[in-house]
Structure formats: structure tokens, C-alpha cells
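> Provided below for reference: sequence and predicted model.
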Amino acid sequence: MPAALICGSMAYDTIMVFEDRFRNHILPDKVHMLNVSFLVPQMRREFGGCAGNIAYNLKLLGGEPIPMATVGQDFAPYREWFDELGIRLDQVREVPGTFTAQAFITTDQDNNQITAFHPGAMQQSQLNRVADVAGAAIGIVAPDGRDGMLQHAAGFAARGIPFIFDPGQAMPLFSGEEFRAFIEQADYVAVNSYEASLLSERTGWSEAEIAGKVKAYVVTHGAEGSVIHAEGTAHAIPAAKPRDVVDPTGCGDAYRAGLIFGILRGFDWPMIGRVASLMGALKIAHPGTQHQRFTLDEFRDEYEMQFGHALG
Ligand SMILES: Nc1ncnc2c1ncn2[C@@H]1O[C@H](COP(=O)(O)OP(=O)(O)OP(=O)(O)O)[C@@H](O)[C@H]1O
Ligand SMILES: [Mg+2]
């Protein structure tokens with residue numbers, strides 16, 4: 001399978017569990033001088049970031065992902081993980097004197113979360129250039145540093161490499177004018193339903209107008225599946241049946257790996273959508289974003305079982 005250039009963040013997620021309720025420790029009449037410390041005996045550190053997650057999922061399908069990201073001097077454990085998986089890291093650049101992007105998430109017994117996000121090296125993602133990479137048949141611009149996203153989209157467009165624009169959590173970084181330029185450059189746009197409303201609001205373009213400017217406009221709706229608007233048709237893609245619903249984090253990234261795989265295989269849109277949808281459902285049965293494990297053959301069997309016909 002030809003290579004896919006995956007531009008986006010690579011990040012650590014540190015997840016801590018506070019075995020009590022924040023509200024027992026944050027006194028409403030004292031919030032003007034907040035000084036709290038939460039004891040968190042449970043803690044885990046996960047490999048994440050959109051480029052890392054998409055690359056991980058594409059590799060499960062037997063694809064050839066090339067993640068492109070800027071990371072910090074604390075990247076060694078992540079590097080080891082991807083080396084083990086056989087994912088190439090020649091486009092992952094260590095920026096001296098920085099930390100890898102990371103989120104510190106503290107969750108309480110009511111499922112409230114307090115998160116701090118340090119972007120670190122991600123803010124310099126523009127140091128990597130699409131033009132430096134040979135042999136990518138498709139690309140994706142996933143959430144990353146602002147300058148990097150603008151530059152990588154322009155880089156794909158200039159080289160005529162078809163790419164997916166995936167603004168995700170980076171939605172607040174761009175103006176309507178910038179979004180319109182991204183859409184004009186992109187071959188595909190993929191967003192969840194919330195991001196789709198924001199995108200229409202910012203650009204002043206309806207769903208149909210956005211769809212008219214790309215080969216496919218993909219809108220995901222969580223457990224309700226997704227819709228792929230392509231060539232004047234809205235393909236309704238059902239959600240696949242998860243074995244278990246454990247953690248929805250990263251379903252969007254898994255889904256996007258399925259899109260890339262399906263596009264590279266030359267499937268029609270309903271089949272591309274079902275592949276993506278099954279990738280999302282396989283992810284949700286596991287915590288974090290890189291714990292689901294299967295081979296391409298196992299994926300084929302599961303696809304056939306869920307949809308009643310063979311893949312490809
Ligand atoms: N509960 C679920 N059951 C089955 N499939 C699901 C479920 N949640 C998500 N999916 C699959 O994953 C796809 C993407 O999920 P969703 O729309 O929640 O993306 P997202 O909001 O970008 O998620 P995130 O950014 O947290 O990864 C859905 O279109 C669907 O196919
Ligand atoms: Mg998302």
C-alpha cells in the first residue's frame with residue numbers, strides 16, 4: 001500500500017484519577033483565591049496526539065503511515081513504542097529545549113475533568129515540510145500547531161498530493177477566510193457534527209456548499225454513525241457494533257485511518273465509510289487511543305461479520 005503522510009500532533013496524555021469530588025474541595029465563596037492540591041494515587045501515561053493515533057490505526061490495517069510532527073526531548077518512550085510497531089519516524093523532528101505536547105487530565109468521581117495542555121514542540125510544527133517527503137500518495141492535516149497546519153495544507157496543494165483537512169480541536173485557531181482557503185485546497189474534509197456546525201458558521205458555507213468544493217465532506221455523529229457527502233450524494237454510514245463501550249477518546253482518529261485506508265484501496269464511498277466506522281467501533285472497546293490490537297485478517301473477518309459481505 002502506498003504511503004500516507006500524517007501531519008499532526010504527537011503527544012503524551014497523563015491521566016490521573018482523584019478518588020473524591022472536586023466540589024468537596026473547591027469552595028464557591030473562595031474561588032477568587034484558589035489554591036488546591038488533589039492527591040491522585042492512580043496515574044497512567046498514554047501515547048496520543050492525532051498524528052500518532054492515526055498512524056497507529058493505519059499501521060494496524062497494514063498501511064504505511066509517515067507521521068510528521070515536532071516533538072520534545074522527552075520523546076524517547078514514544079519513539080521506542082513506534083519503533084517496536086515498525087512505524088517510521090524520519091519525519092518526526094525533535095526540537096531542542098522543548099517538551100513533547102502533553103495533556104494532564106485529572107478526573108474525579110463525578111467524571112468532571114480538569115485539564116492542562118502544554119503544546120510544547122507542537123507549536124513549531126511548521127519546521128517540517130511536506131516538500132521534503134517523497135512517495136506519499138495521500139496526506140492529512142490533523143490538529144497541530146497553527147502555522148504548521150497552514151503550511152502543510154499549502155504544501156500538499158502545491159505538490160498535488162490529495163489530502164484530508166481535519167481541523168478537530170484546532171477549530172478555534174482559524175478565521176473564516178482561513179477555513180475557506182483550507183477547504184479550497186483540500187480534497188477531503190472530515191469533522192464531527194459539532195465541528196461541522198462551527199465550520200459552516202465560520203465560513204458562511206452550508207454543508208452542501210462545502211461538499212461541493214471537495215471530493216468528499218465527511219461528518220461523524222458518534223454512536224449514530226456518519227455521513228459522507230460525495231459527488232452530490234449523501235451516503236449514510238451506520239455505526240458498527242462495538243463489543244464494549246469503554247472510552248470514546250480517539251474514535252475520530254481511528255475513523256480517519258479507516259478513511260485513508262479505504263481511499264488508497266480505491267473502495268467506493270459506502271465501503272470506505274464502513275471501514276472507517278468499524279475502526280471507530282474497534283477503538284471504543286479499549287481505553288486510551290492506542291490499545292486496540294488486531295491484524296488486517298482479523299479486521300476483514302470482523303468486517304464481514306458486521307456488514308455481511310467481504311471487504312474489497
Ligand atoms: N458509541 C459508538 N459506537 C459505535 N461507533 C462509534 C461510537 N462512537 C463513535 N463511533 C464511531 O467513530 C466515529 C467517530 O466518532 P465521533 O463522531 O465521536 O468522533 P469525534 O467526536 O471526532 O471523536 P474524538 O475527537 O473524541 O476522537 C463515528 O462516526 C462512529 O463511526
Ligand atoms: Mg475529533
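It's in. Ligands and ions are numbered 1, 2, ... in the order given.
> what about Tyr255, distance to ligand 2?
To ligand 2, Tyr255 is 9 Å away according to CB to the ion, to the nearest Å. Bear in mind the C-beta positions are built from the backbone N, C-alpha and C, glycine included.
> Confirm that residue sits in a helix?
Yes: assignment of Tyr255 by DSSP: H, G, I helix; E, B strand; the rest coil places it within a helix.
> So it sits against Leu282, correct?
No: assessed by CB atoms under 8 Å, Tyr255 is found out of contact with Leu282, at 10.3 Å.
> between the two, who's got more neighbours?
Shown here are Tyr255 and Leu282; by other CB atoms under 10 Å, Tyr255 has more neighbours (26 against 23).
> residue contacts, the more buried one?
Under the criterion of CB atoms under 8 Å, 6 or more residues apart in numbering, the neighbours of Tyr255 are 190, 220, 226, 276-277, 279-280.
> Go through the residues you listed and name the one nearest ligand 2.
Nearest to ligand 2 among those is Thr220, at 7.6 Å by CB to the ion.
> Okay, and the beta partners of the closest one?
Applying DSSP bridges to Thr220 yields these beta-bridge partners: Asn192, Ser226.
> Determine the number of other residues adjacent to it.
Residues near Thr220, counting by other CB under 10 Å: 26.
> Would you mind listing the residues in contact with the residue in the chain that ligand 2 sits nearest to?
Nearest residue of the chain to ligand 2: Gly252, at 3.1 Å (CB to the ion). Listed by CB under 8 Å, 6+ apart, the contact partners of Gly252 are 168, 192, 220, 280.
> Nearest to Gly63, out of those residues: which one, please.
Nearest to Gly63 among the contacts of Gly252 is Gly280, at 16.4 Å by CB to CB.
> Tell me which helix or strand the closest one sits in.
Per DSSP states H and E, Gly280 falls inside helix 269-284.
> any idea of the mean pLDDT in that helix?
For helix 269-284, the mean pLDDT works out to 98.
> Show me what it is packed against.
strand 216-220, strand 226-230, strand 233-237, helix 251-265, helix 296-307 (3 or more CB pairs under 8 Å, 6 or more residues apart in numbering; DSSP states H and E).
> Could you tell me the angle between that helix and helix 251-265?
Using axes from the mean of the first three to the mean of the last three CA atoms, to 10 degrees, the inter-axis angle of helix 269-284 relative to helix 251-265 is 140 degrees.
> and helix 269-284, does that touch ligand 2?
No: Helix 269-284 stays clear of ligand 2 (CB under 5 Å from the ion), getting no nearer than 10.4 Å.
> roughly how far is that helix from the heart of the chain?
Taking CA atoms, centre = their mean, to the nearest Å, one finds the center of helix 269-284 at 14 Å from the center of the full chain.
> Quick one: name the residues of this structure near ligand 2.
By CB under 5 Å from the ion, the residues of the chain that approach ligand 2 are 168, 252.
> Show me which residues of the protein sit near ligand 1.
By CB under 6 Å from any ligand atom, the residues of the chain that approach ligand 1 are 192, 220-223, 225-226, 239-240, 242, 245, 248-253, 255, 277, 280-281, 284.
> In the stretch 101-250 of the chain, where is pLDDT below threshold?
For the stretch 101-250 of the chain, applying pLDDT under 70 flags no range at all.
> Spell out, range by range, the strands that occur in it.
Assigned by DSSP state E, counting those that start in this stretch, the stretch 101-250 of the chain shows strands spanning 101-107, 113-118, 136-141, 163-165, 188-192, 216-220, 226-230, 233-237.
> between the longest one and strand 113-118, how many degrees?
Strand 101-107 runs at 170 degrees relative to strand 113-118, counting by the same axes, to 10 degrees.
> Strand partners (parallel or antiparallel) of strand 101-107?
Sheet pairing for strand 101-107, using DSSP bridges, gives strand 11-17 (parallel), strand 113-118 (antiparallel).
> now those strands as JSON lines including mean neighbour count and distance to Gln185?
What follows is the strands paired with strand 101-107, written out as JSON lines (neighbours: other CB atoms under 10 Å; distance: least, CB to CB, whole Å):
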{"stretch": "strand 11-17", "mean neighbour count": "20", "distance to Gln185": "25"}
{"stretch": "strand 113-118", "mean neighbour count": "13", "distance to Gln185": "27"}
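> partner residues bridging the nearest residue to Val40 once chain neighbours are set aside?
Nearest in space to Val40, with sequence neighbours left out and distances taken as CB to CB, 6 or more residues apart in numbering, is Met16 at 3.7 Å. Beta-bridge pairing of Met16 under DSSP bridges involves Met43, Thr106.
> May I ask you to confirm that Met16 is in contact with Leu39?
No: contact criterion CB under 8 Å: Met16 and Leu39 do not qualify, at 9.6 Å.
> burial count for Tyr194?
Using other CB under 10 Å, Tyr194 has 13 neighbouring residues.
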